[in-house]
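Undergrad: any chance you could fold what I've pasted below:
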Amino acid sequence: LPMLLSKRGAGRQGLLRLHNFLQRATAAMGKLRWIVVVALIGGLLGLMGTDRAILHLNVDTLSPIKESRRAEGKMLRDDLGYWHGGRLLIITAPDKEAVLERSEDIEPDLEALRQSEKISGFDMASQFLPSNSRQLKNLDAVKEAGSIRERLQKAMAGSPFKPETFAPFSRELDSFAAAEPVSVDMLMEEDMGRRLEPLIFNIDDESAGVVLLHGVKDEPSLQRFADARQGVIYMHLKTAATELVTRSVERVRLIMIGCMSVIYLLLWQAFRCPLRPLRILVPTISAAVVTASLLVFSGNPLSIFHLISLMLVIGLGLDYALFFNRLSDDDAEWNTTFKSLWICGFTTILVFGILVVSNTPPLRAIGMTVGIGAALSIVFAALWTPVHNNLRKFTQSVN
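TA: Numbers count the residues shown, from 1 in each chain. Here you go, the predicted model:
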């Protein structure tokens, strides 16, 4: 705009010609109101009759990282042996000590699953910190230092180790014999606490332990494994998160229906007419439905970002339709309103349209949805609005 305005009014004249053209186009659109209704019906029938996927609420769509890069990251974590999320067991018990005991109880069964190659491995808190009872058992064994030294001497017989090689070990036996069991809370201030904190923690009045599962190859077996044991829950994080998003979308859908009903009642009260609110709601809903159908049929099933953007489209459509239906007999006021409408519409389309070229999937989804929706909202609002007196006089003067 500064570049246009710097040419001694040439830019202003060009914008004025654009403004006059848009006024003529809006005046001519009054006879094409049926297009909005046809677009709404066509969009609804297309969405209801298509065999394409309409919703894509997988949590992967929330990631700003491309799918190819996520696949590379998964391969790298697999090669390094890192747990990369997905599948785990949750053990619940009254306190952390009980969680450790239950973890030790199921450890042989988990090892059997690993031996049968249903999982490739697992990590749990009891591997780093045994339960109190197991620690006491180990301490009792350590207290038998004499028998340990005898077994050590037998093991060293005929070996190349010097007799004094394991002298420090023998001295440590005596100090460990007087040790006390270590609890989870005692380790939280130590380096080991950082390893334990994600694996065992308190939830309200209970405690929970997490078993990180690696290389799961048989999910039904793990589900049966958890169902057969009290206080053990099998969870697939991606599935659980997707179900949470799905429930949230369903809840928001019901809220949106309620909100649109409230808006209709408010407009009915304001206009004192049950039909006039349709001039605002029909183009608004039509823009959102047609935008959704265009995205679906172009191979872009609706993710959570598309749905959030459609809510913004509905907000924009309500604004445009309200101002188009703000019929004032003051020509100057209407002229200013109309100018503000098309400037807001163009700038919104441009700003969000820039996001379409983004390499970040969520930003691209937002830009595509709002860009298309804003364009349809302002066009549909113009089609559905009654012809303003100023527009009639303007058209007559041009003719």
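
Undergrad: may I see the buried residues of stretch 115-131?
TA: Residues Lys118, Ile119, Phe122, Asp123, Met124, Ala125, Ser126, Leu129, Pro130, Ser131 are the ones in stretch 115-131 that count as buried (16 or more other C-beta atoms under 10 Å). Quick note: C-beta positions are derived from backbone N, CA and C, even for glycine.

Undergrad: wait, stretch 35-53
TA: Quick answer for stretch 35-53 (16+ other C-beta under 10 Å): Val36, Ala39, Leu40, Gly43, Leu44, Gly46, Leu47.

Undergrad: any chance of JSON lines for the residues you listed, columns distance to Leu281, secondary structure and pLDDT?
TA: Shown next, in JSON lines, are these (distance: C-beta to C-beta, whole Å; DSSP: H, G, I helix; E, B strand; the rest coil; pLDDT from 0 to 100):
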{"residue": "Val36", "distance to Leu281": "11", "secondary structure": "helix", "pLDDT": "86"}
{"residue": "Ala39", "distance to Leu281": "15", "secondary structure": "helix", "pLDDT": "89"}
{"residue": "Leu40", "distance to Leu281": "11", "secondary structure": "helix", "pLDDT": "89"}
{"residue": "Gly43", "distance to Leu281": "15", "secondary structure": "helix", "pLDDT": "88"}
{"residue": "Leu44", "distance to Leu281": "15", "secondary structure": "helix", "pLDDT": "89"}
{"residue": "Gly46", "distance to Leu281": "20", "secondary structure": "helix", "pLDDT": "87"}
{"residue": "Leu47", "distance to Leu281": "19", "secondary structure": "helix", "pLDDT": "86"}
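
Undergrad: pick the one among the buried residues of stretch 115-131 closest to Val182.
TA: Leu129 (6.7 Å; C-beta to C-beta).

Undergrad: what's stretch 120-137 in contact with?
TA: 81, 83, 97, 99-101, 103-104, 107, 110, 114, 138, 181-184, 187, 192, 195-196, 199-200, 209-215, 217 (C-beta atoms under 8 Å, 6 or more residues apart in numbering).

Undergrad: now swap in stretch 202-217 and tell me
TA: Contacts for stretch 202-217 (C-beta under 8 Å, 6+ apart): 81, 83, 86-96, 98-100, 102-103, 106, 110, 117-126, 198-201, 222.

Undergrad: if we go to 6 Å?
TA: Contacts with stretch 202-217, where a contact means C-beta atoms under 6 Å, 6 or more residues apart in numbering, come from 83, 87-93, 95-96, 99, 103, 118-125, 199-200.

Undergrad: and these, which of them are in helices?
TA: Within these, residues falling in helices by DSSP state H are Lys96, Val99, Ser103.

Undergrad: buried residues in the lengthiest strand in the chain?
TA: Using DSSP state E, we find that the single longest strand of the chain is strand 206-214. By neighbour count with 16+ other C-beta under 10 Å, strand 206-214 contains the buried residues Ser207, Ala208, Gly209, Val210, Val211, Leu212, Leu213, His214.

Undergrad: can I get those residues in TSV with pLDDT and distance to Lys31?
TA: What follows is these, written out as TSV (pLDDT from 0 to 100; distance: C-beta to C-beta, whole Å):
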residue	pLDDT	distance to Lys31
Ser207	89	71
Ala208	90	66
Gly209	89	70
Val210	90	66
Val211	90	68
Leu212	89	66
Leu213	88	65
His214	84	67
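
Undergrad: in the lengthiest helix in the chain, which residues are buried?
TA: Using DSSP H, we find that the single longest helix of the chain is helix 237-271. Residues of helix 237-271 classed as buried: Ala241, Thr242, Val245, Ile263, Leu267 (neighbour count, 16+ other C-beta under 10 Å).

Undergrad: and of these, the nearest to Ile349?
TA: Closest approach between those and Ile349, by C-beta to C-beta: Ile263, at 23.9 Å.

Undergrad: re earlier: how about the buried residues of stretch 115-131 in TSV, adding distance to Leu254 and pLDDT?
TA: As requested, these are exported to TSV (distance: C-beta to C-beta, whole Å; pLDDT from 0 to 100):
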residue	distance to Leu254	pLDDT
Lys118	41	89
Ile119	40	86
Phe122	41	87
Asp123	41	87
Met124	41	88
Ala125	41	88
Ser126	44	88
Leu129	47	86
Pro130	50	88
Ser131	47	88
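
Undergrad: which residue ranges of the stretch 51-200 of the chain form helices?
TA: 67-80, 96-115, 132-143, 145-156, 167-177, 184-187, 191-196 (DSSP state H, counting those that start in this stretch).

Undergrad: sheet partners, orientation included, of the longest strand of the chain?
TA: strand 87-93 (antiparallel), strand 121-123 (antiparallel), strand 200-203 (antiparallel) (DSSP bridges).

Undergrad: which of these is buried the deepest?
TA: strand 87-93 (a mean of 20; mean count of other C-beta atoms under 10 Å).

Undergrad: returning to what we had before: send me the longest strand of the chain as PDB with only the CA atoms.
TA: Taking Å, rounded to 0.1, in the frame of the first residue of the first chain, the C-alpha atoms of strand 206-214 are listed here in PDB:
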ATOM      1  CA  GLU A 206      -2.700 -43.800  44.900                       C
ATOM      2  CA  SER A 207       0.600 -44.500  43.300                       C
ATOM      3  CA  ALA A 208       1.300 -45.600  39.800                       C
ATOM      4  CA  GLY A 209       4.200 -47.300  38.000                       C
ATOM      5  CA  VAL A 210       4.900 -47.300  34.300                       C
ATOM      6  CA  VAL A 211       6.300 -50.200  32.400                       C
ATOM      7  CA  LEU A 212       7.800 -49.000  29.100                       C
ATOM      8  CA  LEU A 213       7.300 -51.700  26.400                       C
ATOM      9  CA  HIS A 214       9.700 -52.000  23.500                       C
END
